[in-house]
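Student: Can you look at this prediction? I've put the sequence above it.
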Amino acid sequence: MRKQKSIRWFRYTVEDAKAAQAELDEQAERGWELEEVGLFTATFRRAERPRRCWVEPARWKSERKKDWDARSDYLTLCGEAGWELLEEDGGLFYFRAKEGGDPAPIQTDKDMEWNYVWKKALADQVWSLSYLAVYWSIWTVGGYIREHPRMWELFLSNISMAMATLVLLWLGMDLFFVVRVLRYRAKCRQVVAEGEPFPVPRRWGARLRGIRPLIEGVLIAVLVLCLLLSVGEGQTNYIDGYSAYTRGQNSIAAASFEYCRYDQEEGDLWVERMDCRAGWLAEWICEDFRAAEGDEKRLQREFHRHGPTALRAVELGFDRAWSYSSGEYEGLILRNGNQVLRIEGNQIDLTGAKTLADIRTWLAEGA
């Protein structure tokens, strides 16, 4: 006995409506009639004379009364022509011929179908795919221009690097699909102008694009998991109440250590050390430390207790070294191999022989 129902993987995006149409036509020729469209599957039932289906991009999707009225009028016209709306899924209308009917296709004029259905639908699809990249770019560029954050801190945390990689993969996937939609839109415009039928996307590619919501769901879940795992990473350890603290992190790119002390008797002291595993990262951090000393807004935001100051290159026995002073505060920025160190404080002679010897010993222990 032949089975009477069949459930198939069936998920198409707006730009692949013609691929969905081709699959439904193929199933109808085999004696299968579309019964239901689910989230990622479709249910077919065997029929003597399968009713035809018609797939097209859904329109009038906003909550405005004008769109609701236009949608209602359109569906009424389709009903009068012998079509019933079976499902709206993934930005597509799935129509099915009414029982006992054999209506003509809803769209028969290619020019009208392009101008009134596909032209805007594909443009909207481009925006829906690219808005994340647009917003992320504006937020990132705007934040950098406004605050000049220490972007290299991303490489001090494995979880942060993983999250950034996932976001970049997400953006890359969306941009890939945007390019594909733009190419398909240009091809549709060309074939319509030449009087040819709309191009039908390849099924394997259409199915790959159809699982985009599933991929995005997995990415969101992993990003949330990374966010939860990041709680407590690089935790601050307070010393003597809240007068001093240490903080350390270790990643595949670098190991970092920070010590900060605010004390009227012993003096203030701030130490930042980065043991990088790549020369380019050490150079980036070193140059950023130097740039920060001339940026008043950054100095205030990073809680430096002095104003902008000029750096002086000094020879202290390290690969590169710069010193600076502002009022009672003096500082030192060192680069030794892939190690970067910034020390800043008052009531301390940073270029004294004993201090430099202690610094060399400390750096050698972590080399």
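Tutor: Yep, it's here.
Student: Show the subsequent helix or strand relative to the lowest-mean-pLDDT helix or strand in the chain.
Tutor: Per-element confidence for the chain was summarised using mean pLDDT, DSSP states H and E. The lowest value among helices and strands belongs to helix 119-147, with a mean of 79. Read in the C-terminal direction, the helix or strand following helix 119-147 is helix 158-193, with elements assigned using DSSP states H and E.
Student: and that following helix with helix 119-147, angle?
Tutor: Interaxial angle of helix 158-193 relative to helix 119-147 (axes from the mean of the first three to the mean of the last three Cα atoms, to 10 degrees): 150 degrees.
Student: ok so, going back, so what secondary structure elements neighbour the least confident helix or strand of the chain?
Tutor: The helices and strands touching helix 119-147, judged by 3 or more Cβ pairs under 8 Å, 6 or more residues apart in numbering; DSSP states H and E, are helix 158-193. C-beta coordinates here come from the backbone N, C-alpha and C atoms, glycine included.
Student: So which bits of the least confident helix or strand of the chain are buried?
Tutor: Of the residues in helix 119-147, those with enough neighbours to count as buried (16 or more other Cβ atoms under 10 Å) are A121, L122, Q125, V126, S128, L129, S130, L132.
Student: Neighbours of S72, how many?
Tutor: Around S72 sit 11 other residues, with neighbours defined as other Cβ atoms under 10 Å.
Student: does it sit in a helix or strand, and which one?
Tutor: With DSSP H and E as the criterion, S72 is inside helix 65-80.
Student: That helix: which residues count as buried?
Tutor: Neighbour-count burial for helix 65-80 flags R71, L75, C78 (criterion: 16+ other Cβ under 10 Å).
Student: mind putting those in CSV, distance to G142 included?
Tutor: Written out in CSV, the entries for those read as follows (distance: Cβ to Cβ, whole Å):
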residue, distance to G142
R71, 37
L75, 43
C78, 45
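Student: before we move on, the earlier item: could you single out the nearest of the buried residues of helix 119-147 to L39?
Tutor: Distance to L39, by Cβ to Cβ, is smallest for S128 among the buried residues of helix 119-147, at 18.1 Å.
Student: ok, the closest one to V218 distance?
Tutor: Applying Cβ to Cβ, to the nearest Å, the value for S128 to V218 is 19 Å.
Student: Quick one: the strands in the stretch 251-367 of the chain, in order.
Tutor: For the stretch 251-367 of the chain, strands defined by DSSP state E, counting those that start in this stretch occupy the ranges 254-261, 269-276, 312-313, 320-326, 329-336, 339-345.
Student: List the contacts of stretch 135-144.
Tutor: Taking contacts as Cβ atoms under 8 Å, 6 or more residues apart in numbering, the residues outside stretch 135-144 that touch it are P149, M151, V167, L171.
Student: on that earlier part again, save the strands of the stretch 251-367 of the chain as CSV, and put in distance to G101 and mean neighbour count too.
Tutor: CSV is the format used below for the strands of the stretch 251-367 of the chain (distance: least, Cβ to Cβ, whole Å; neighbours: other Cβ atoms under 10 Å):
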stretch, distance to G101, mean neighbour count
strand 254-261, 69, 18
strand 269-276, 72, 20
strand 312-313, 86, 9
strand 320-326, 82, 18
strand 329-336, 80, 22
strand 339-345, 76, 23
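Student: ok so, going back, any idea of the mean pLDDT for the helix holding S72?
Tutor: Across helix 65-80, the average pLDDT comes to 90.
Student: just checking, next helix/strand downstream of that helix?
Tutor: Once helix 65-80 ends, the next helix or strand along the chain (criterion: DSSP H and E) is strand 83-89.
Student: Report the residue spans of the protein with pLDDT below the cut-off.
Tutor: Of all residues in the chain, those with pLDDT under 70 make up the ranges 1, 143-147, 366-367.
Student: Break it down into its structural domains.
Tutor: Following the assignment in automatic domain parsing, the chain carries domains at 5-97, 110-229, 237-366.
Student: TSV please, covering these and showing distance to A104.
Tutor: What follows is the domains of the chain, written out as TSV (distance: least, Cβ to Cβ, whole Å):
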stretch	distance to A104
domain 5-97	7
domain 110-229	13
domain 237-366	63
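Student: Quick one: closest of those domains to P103.
Tutor: Comparing the domains of the chain by Cβ to Cβ, domain 5-97 comes nearest, at 3.2 Å.
Student: and stretch 237-245, how far out from the chain's middle?
Tutor: The offset between the C-alpha centroid of stretch 237-245 and the centroid of the whole chain comes to 37 Å, using Cα atoms, centre = their mean, to the nearest Å.
Student: Mind listing residues that contact it?
Tutor: T236, T246, R247, Y259, C260, R261, Y262, D263.
Student: got it, and stretch 359-367?
Tutor: Around stretch 359-367, the neighbours that count as contacts under Cβ under 8 Å, 6+ apart are A255, R273, D275, G317, L334, N336, G337, Q339, L341, I343.
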